[in-house]
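Trainee: Generate coordinates for the sequence data below:
(chains A, B, C and D)
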There are 4 protein chains.
Amino acid sequence: MTTIKDSVHDHIRVDGVARDLLDTPAVQRLRNIRQLGTVSLVYPSANHTRFEHSLGVYHLACEALEHLGIDGQQAEHVHAAALLHDVGHGPFSHNLEAVTHRRTGRYHDDVHGLLAEGDVGDVLRSHDLEPAAVADLVAGEGRFGQLVSGELDVDRMDYLVRDAHHTGVPYGTIDHGRLVRELTFTDGELVLDEGNVQAAESLLVARALMNPTVYSHSVARLTKAMLRRASERLLESPETDVDAGTLQRMDDHDLIVALRTCAETTEFSRRLDQRDLYKRAVWAEIDDVPGGIIESDHESIREFEREIADTADVDPECVILDVPGRPSMTESTTRVLVNGDIRRLGQQSPLVEALRAAQYSQWRLGVYSPPEMRERVGRAAVDVLGLDIEGALVREVRNGLDATLDQFVD
Amino acid sequence: MTTIKDSVHDHIRVDGVARDLLDTPAVQRLRNIRQLGTVSLVYPSANHTRFEHSLGVYHLACEALEHLGIDGQQAEHVHAAALLHDVGHGPFSHNLEAVTHRRTGRYHDDVHGLLAEGDVGDVLRSHDLEPAAVADLVAGEGRFGQLVSGELDVDRMDYLVRDAHHTGVPYGTIDHGRLVRELTFTDGELVLDEGNVQAAESLLVARALMNPTVYSHSVARLTKAMLRRASERLLESPETDVDAGTLQRMDDHDLIVALRTCAETTEFSRRLDQRDLYKRAVWAEIDDVPGGIIESDHESIREFEREIADTADVDPECVILDVPGRPSMTESTTRVLVNGDIRRLGQQSPLVEALRAAQYSQWRLGVYSPPEMRERVGRAAVDVLGLDIEGALVREVRNGLDATLDQFVD
Amino acid sequence: MTTIKDSVHDHIRVDGVARDLLDTPAVQRLRNIRQLGTVSLVYPSANHTRFEHSLGVYHLACEALEHLGIDGQQAEHVHAAALLHDVGHGPFSHNLEAVTHRRTGRYHDDVHGLLAEGDVGDVLRSHDLEPAAVADLVAGEGRFGQLVSGELDVDRMDYLVRDAHHTGVPYGTIDHGRLVRELTFTDGELVLDEGNVQAAESLLVARALMNPTVYSHSVARLTKAMLRRASERLLESPETDVDAGTLQRMDDHDLIVALRTCAETTEFSRRLDQRDLYKRAVWAEIDDVPGGIIESDHESIREFEREIADTADVDPECVILDVPGRPSMTESTTRVLVNGDIRRLGQQSPLVEALRAAQYSQWRLGVYSPPEMRERVGRAAVDVLGLDIEGALVREVRNGLDATLDQFVD
Amino acid sequence: MTTIKDSVHDHIRVDGVARDLLDTPAVQRLRNIRQLGTVSLVYPSANHTRFEHSLGVYHLACEALEHLGIDGQQAEHVHAAALLHDVGHGPFSHNLEAVTHRRTGRYHDDVHGLLAEGDVGDVLRSHDLEPAAVADLVAGEGRFGQLVSGELDVDRMDYLVRDAHHTGVPYGTIDHGRLVRELTFTDGELVLDEGNVQAAESLLVARALMNPTVYSHSVARLTKAMLRRASERLLESPETDVDAGTLQRMDDHDLIVALRTCAETTEFSRRLDQRDLYKRAVWAEIDDVPGGIIESDHESIREFEREIADTADVDPECVILDVPGRPSMTESTTRVLVNGDIRRLGQQSPLVEALRAAQYSQWRLGVYSPPEMRERVGRAAVDVLGLDIEGALVREVRNGLDATLDQFVD
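Mentor: Numbers count the residues shown, from 1 in each chain, chains lettered A, B, ... in the order given. Now for the predicted structure:
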């Protein structure tokens, strides 16, 4: 058994299959992938890694299983899945998923493959665990899949607390000790026991507050968009032979150095390294935008960018249009026991609809460009996107008012 | 200048009028009044006092004023009001306000009087401060009254963080450092600066989560009701000459010992001391109750209690009917700047209405009695109150199901 | 099973005999005894109680036993002892031990008696536990007595962390999670496992830093001395029939109100309530004092006080001479495994001797009086005690220099 | 003004010259240098960077200067020095200083040069600050140099607290809020004010406890030695044109990728990436070693390594001899005011000598090799180094006993 000191959960005891998995290259690689990608450009303390997070998820899974009275091989499968749930992540965590997904059809590296092969597969088999069963758990399938990847999973419990701890933002503090203790199985489903509606709501609320403050902070979105643009240029560069599969298997160091050394990406890389960022030229409520483009609608977005650049008469690399995906609220399907019945949190709690509405009201697109072209690009974007010039937010562009966009908005 | 170590704000520097007020009996008395009254019977660590809290409020007021660029006599008036804002509190803080209010017409001891008289008045005048002006600030009046007692006041910022720290509940953690920094005056009103809608929401959310978990926890309500009953018996006892005015000027020690030694209250006192509490006989959504009685409707409630006791054929002291006041949401009127306009948070944020609805859905009355009479009292209460026997919550009584009511429900 | 939320250890699960002991009057009484007595007059947040502390000690005992692989009745005896270890405490915890010890020969109420009688005895016997065996553990006897009351006990681990948390002082933070995990039995003795010399040192260091900052802070000592004087007057008062046995069974509320209402103690009580304290008239290294009086030498100290009062021509109640007991360092006998041998920490660590020396260098007596008599009492004390007038510290009196004393006190 | 959220100091306000320096490439580069180098291989949460630390040092410098009543240009020089004090650091912070020092004669990149040139120089001059004066402060020279780099500097105050926060180790918690508040100038020297001997001791104690637990943890030393070896091979490789100057200007990403891609270093790089580390073959008190080699005695150490490899008949790359430098205790010269006189802490406190002795007793050399050669290399090292075979610690090698080494490491 190994005991690891963690800044969030204090001592984490690692035993059994997890102890052996710890030493595999696939797990050690997670030390070199920051949990929050470019968010450290907003919150300088947010340098924690997928490795610590994976240990935390494993730790909470152990606690939940102990309370559920599950042990033996069934528990070991879950332990393995908890520790391995992020091994498919590429560099900068979620930041580049859209890029690789367009090219490989996958958000992550192939988890089933990764778990069956090499050291990880060997370790799993040496503990009489079935790699495919572990991969299914990672995908949220099977009786315990909900614990690893569901609306009440230990993944979320760990990241909310950990991201709050490392950013210094006080909004992600949930009572994870209570949540893992109150999980129970009813009719084959993982549910929160009686009297925990409010504990379930607190998870929802924590995410609703962390979203605009951390995960979708405007500078986090902008830098993610810049990184994505740079990575696409890297993939297209004749200079390198990096393809989407290679990219997915890099860690942060590899990608950062690759961007620094490739001629097509060196300028984006310099901007990110020196925090010499694009600035917001337009900031508009998504409802304002006819047609309803969203993040995944990659081709339309590229087309708009080119058109804005044309209209503004600037280099196409100088225009970034960022359109976040539709706000989601997966926690609304959390199951809670109320007077002996299983209910969906969304049915039970008036908060769910309100938080969903709040998320929509915060849903905004941004157009970004180098500071010196901001005015020109802003006007062009208003034209090209057909934005209602009377809208409150668009006025910001006209007035040159951009007060909320401080470098390190806290 | 004095520096005081605080477990929440670390070092608090106390200077000027506050330094001198610190040594007055009225302020020192607050050391002997617990911030959360009987809540320590639910959360054993919640033994913090009004004294620490008053220091915390003073500290946040200093920070806010510094950011607003206010100093001199204007600031000193606010400093004094912040430190003194709770000097009128009786024993067990808010727990007995209803009792004294019915008899004296006042929730607290007379603040204007307290600030004009004795040592406090002398100190204020020696610093050329006007006691009446300070008392007005405590009452939320005047330009800076909103800072001391308003929907965005430093009182709330301190108590949410402090109560969370001492109970161990993670829900009250707000970014008070940001809030005090973002206050600004616009058109003579205290508002949150641009870009802080969400910071304002977080204050609202913190209170919405702390309410059912801490402030209105069912055991907190029950013990408050038992203490209130005991205090009324004390006031009525021919044995003592305690009247409502005397009661209001007691501290926790005085009242606890008075209840222990008076024959009429010794049994309630023993129950509170030994945590040998009444149990819930009925727990019902307030909507279920015809007529809509609420907390302040004291006579109707007493009448119901007597009728339930009659029907159940038990001593009237063995029935407590607790009907909380209507949920409030004063934060909804918080003013925030949005694109240069002052808006009410309630207009701007879809959360406000949702949280109000959530509070109503948690609004419940309870009937309590000694455990051995619970069944009998429960049936009588269902009859007397005309509760809908088909209602989900009433079923609990029938089934004897009371699982969520653990002694130290966390 | 009950789960209690604690501000230090988060969720504490209470089970078995501990669950039943929790509801006894003897344990509930601890809610009304502050852990640190008058220390809250120095650190206003230090209002935590013996009840929380007892839960914490129980919690750490559970963890230690789990790691040692001890369960069944043997473990239950230790669990009971951990939860009950402080039930003999009188009001204000250790503050009045000397007073009651002089009169009853006991520092605490009779623990063997307390555990055999009443509800506690009934609960213990209903769980087939032997009250005398539990009381022996509380006294540090038997195989597991060292865990409850020894140089490595869980009592100390809890109080260092808890007192640091509630005072806000950062010096008591030890790695208790590691310490309980590294305990082991070797040759029938409780020892720290290999590689933990430094963890043992950290416990020692924490206490060495907490001592002058918290436990023996000059204002904590002064207020303790004032409380002791008042309690002696209470015991001697013809007005009351309080004897030392009654005193020992009071809680803080009882004593505070008794002191307020007894004519002989009302002035001391007012001073403590209003923090209108005596001031230091003399502060001298103990080595300076001929004869070497110490705390337990009660009669000599009283004699000196009378003589100083005579010389200064003031009322004897206006002179308090406080002479702390010799510094102790029980942790020096902590057993640690070093290369397979059991060694005493004092043999192994050069820190132990140094910390002992440091404690001696901080060992000082104080003479205290009402501020307006300070100069007169100071001169008299220098004469009567035969202090070396050239000593650095005595000069303070001459210069009226006392600036460093109140720097971090309120 | 910019406000940055920090996980240690909460909100840090950055203003004046610091605000402009923040955007320079030299300061932004510090985001990519981990504060503790390879320590994250022991404590996985220790991923904090020199950037956060530099902000923290700036923050504490601001607080100290405010308390000292220093403002204007004098303060701005110190602010700049605080924020810039680490810009000369190479990749992995202190880990490679010995390597570059042997080749360039400098531990860091040339600070005077760095501050005079480029964006940093421009910013300093635009604020009418003298780059050379700022560089002098960084070197600890001048009236305020002690505040930036001395035995009582804010650098140390920040790193102790920050490293404790991020490793999760509880030993570095000092009362920095008090320390910065108690600094004063007496006779032109920065001293701690009266009554702070113990606060000064706490700083010393914190470092004494952090040293073996974090900074000189055996795995931290081992991985540092492996990294140093790899970096030397990189510098010698004919494949690359990296020289010591280039190395010093790399950040962590550059060096990691360079080591991965250079044929001579790929194996060391793989071991570090996958945490497939060398193991300890010998662990001996330094006193045991004749001749007294120390870290800086590079040539002797290389010679020993070659000889051990020869004797064991293994590849020279498979032997690492790590001999730490002599323990230092710079805090012993901290100046404290005692009764109006400036004293050195070492004169005043018996702790200083004890902690020095404790450090010497922990001073050990290690010989490391791949696990499968450990026995062979161990015997050879005992021979070559002439270790006393009867010494307690050497017996470990014979017994193959190494249990205590990996207990709290991952």
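
Trainee: alpha carbons only for contacts and neighbour counts from here, please
Mentor: Noted.

Trainee: for the closest residue to A:R364 other than its chain neighbours, what are its contacts?
Mentor: Using CA to CA, 6 or more residues apart in numbering or on different chains and skipping the chain neighbours, the partner closest in space to A:R364 is A:E285 (4.4 Å). Shown in contact with A:E285 (CA atoms under 8 Å, 6 or more residues apart in numbering or on different chains): A:S361, A:Q362, A:W363, A:R364, A:L365, A:L393.

Trainee: distance between the ends of stretch A:279-297?
Mentor: With CA to CA, to the nearest Å as the measure, stretch A:279-297 spans 23 Å from end to end.

Trainee: hang on, the earlier thing: quick one: which of the contacts of A:E285 is the most crowded by neighbours?
Mentor: Neighbour count (other CA atoms under 10 Å in any protein chain shown) singles out A:L365 as the most crowded of these, with 24 neighbours.

Trainee: pretty sure that one belongs to a helix, no?
Mentor: No. Using DSSP: H, G, I helix; E, B strand; the rest coil, the assignment for A:L365 is strand, not a helix.

Trainee: Number of residues surrounding the closest residue to chain D within the stretch 1-150 of chain A?
Mentor: Here the stretch 1-150 of chain A gets closest to chain D at one residue, A:S7, 4.3 Å apart by CA to the nearest CA. Neighbour count for A:S7, taken as other CA under 10 Å: 22.

Trainee: got a list of what it touches?
Mentor: A:S7 sits next to D:S45, D:H165, D:H166, D:T167, D:G168 when contact means CA under 8 Å, 6+ apart.

Trainee: quick one: which of those is nearest chain A?
Mentor: Nearest member of the contacts of A:S7 to chain A, counting by CA to the nearest CA, is D:G168, at 4.3 Å.

Trainee: which regions of the stretch 201-350 of chain A sit below the pLDDT cut-off?
Mentor: Across the stretch 201-350 of chain A, the ranges flagged by pLDDT under 70 are A:287-296.

Trainee: Near chain D, which residues of it? Just list them.
Mentor: By the rule CA under 8 Å from any CA of the partner chain, the part of the stretch 201-350 of chain A lying against chain D is A:H253, A:D254, A:I256, A:V257, A:D273, A:Q274, A:R275, A:D276.

Trainee: What about those, which are in strands?
Mentor: Among those, DSSP state E puts none in strands.

Trainee: I'd like the residues you listed laid out as a markdown table, including distance to chain C and neighbour count.
Mentor: What follows is these, written out as a markdown table (distance: CA to the nearest CA, whole Å; neighbours: other CA atoms under 10 Å in any protein chain shown):
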| residue | distance to chain C | neighbour count |
| --- | --- | --- |
| A:H253 | 34 | 19 |
| A:D254 | 37 | 20 |
| A:I256 | 38 | 21 |
| A:V257 | 40 | 18 |
| A:D273 | 37 | 19 |
| A:Q274 | 37 | 19 |
| A:R275 | 36 | 19 |
| A:D276 | 39 | 18 |
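
Trainee: Widest-spaced pair of those?
Mentor: Greatest spacing in these, by CA to CA: A:D254 and A:D276 (21.4 Å).

Trainee: Write out the residues of chain A neighbouring chain B.
Mentor: So chain A meets chain B at A:169-171, A:173-175, A:194-195, A:198, A:202, A:205, A:209, A:339, A:349-351, A:353-355, A:357-358, A:392-393, A:403-404, A:410 (CA under 8 Å from any CA).

Trainee: which among these end up buried?
Mentor: A:169-171, A:173-175, A:194-195, A:198, A:202, A:205, A:209, A:339, A:349-351, A:353-355, A:357-358, A:393, A:410 (16 or more other CA atoms under 10 Å in any protein chain shown).

Trainee: burial of A:T266, as a residue count?
Mentor: 17.

Trainee: how near is it to D:M250?
Mentor: Applying CA to CA to A:T266 and D:M250 gives a distance of 16 Å.

Trainee: got it, and A:L192?
Mentor: 51 Å.

Trainee: now swap in A:Q146 and tell me
Mentor: A:Q146 is 44 Å from D:M250, by CA to CA.

Trainee: again with A:D6
Mentor: Counting by CA to CA - A:D6 and D:M250 are separated by 29 Å.

Trainee: got a pLDDT number for the residue nearest the centre of chain A?
Mentor: Centrality entry for chain A: nearest residue to the mean C-alpha point is A:H94, 4.6 Å, by CA atoms, centre = their mean. pLDDT for A:H94: 82.

Trainee: these two touch, right, it and A:G37?
Mentor: Yes. The criterion here is CA atoms under 8 Å, and A:H94 meets it with A:G37 at 7.4 Å.

Trainee: before we move on, the earlier item: can the contacts of A:E285 go into CSV with extra columns for distance to A:G121 and pLDDT?
Mentor: Listed next are the contacts of A:E285 as CSV, based on distance: CA to CA, whole Å; pLDDT from 0 to 100:
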residue, distance to A:G121, pLDDT
A:S361, 46, 76
A:Q362, 44, 78
A:W363, 42, 81
A:R364, 43, 81
A:L365, 43, 84
A:L393, 53, 37
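
Trainee: Which one of those residues is nearest to C:L387?
Mentor: A:Q362 (74.0 Å).

Trainee: Identify the residues contacting the closest one.
Mentor: A:P212, A:E285.

Trainee: Tell me the spacing between it and A:P327.
Mentor: A:Q362 is 9 Å from A:P327, by CA to CA.

Trainee: for A:Q28, same thing?
Mentor: 33 Å.

Trainee: more neighbours, these two?
Mentor: Neighbour tally, A:Q28 and A:P327, criterion other CA under 10 Å: the higher count belongs to A:Q28, 21 against 15.

Trainee: Surely that one is in a strand?
Mentor: No. Applying three-state DSSP, one finds A:Q28 to be helix, outside a strand.

Trainee: so A:V191 sits in a strand?
Mentor: Yes. Per three-state DSSP, A:V191 lies within a strand segment.

Trainee: from memory it sits against A:R335, does it?
Mentor: Yes. Assessed by CA under 8 Å, A:V191 is found in contact with A:R335 at 4.9 Å.

Trainee: quick one: common contacting residues for those two?
Mentor: Overlap of the contact sets of A:V191 and A:R335 (by CA under 8 Å, 6+ apart) consists of A:I342.

Trainee: Those two - which one has more neighbours?
Mentor: More crowded of A:V191 and A:R335, by other CA under 10 Å: A:R335, with 26 against 23.

Trainee: what's the spacing between that one and A:E194?
Mentor: On the measure of CA to CA, A:R335 and A:E194 end up 11 Å apart.

Trainee: between A:L192 and D:M250, who's got more neighbours?
Mentor: A:L192 (26 against 20).

Trainee: what bridges to that one?
Mentor: For A:L192, the beta-bridge partners under DSSP bridges are A:L183, A:V336.

Trainee: From what I see, A:Y43 and D:D6 are in contact.
Mentor: Yes. At 7.2 Å, A:Y43 counts as touching D:D6 under the criterion of CA under 8 Å.

Trainee: quick one on the thing from earlier: just the contacts of A:S7 that are near chain A?
Mentor: Filtered for proximity to chain A (CA under 8 Å from any CA), the contacts of A:S7 shrink to D:S45, D:H165, D:H166, D:T167, D:G168.

Trainee: Surely the third one touches D:T49?
Mentor: No. D:H166 is beyond contact range of D:T49, at 10.5 Å (criterion: CA under 8 Å).
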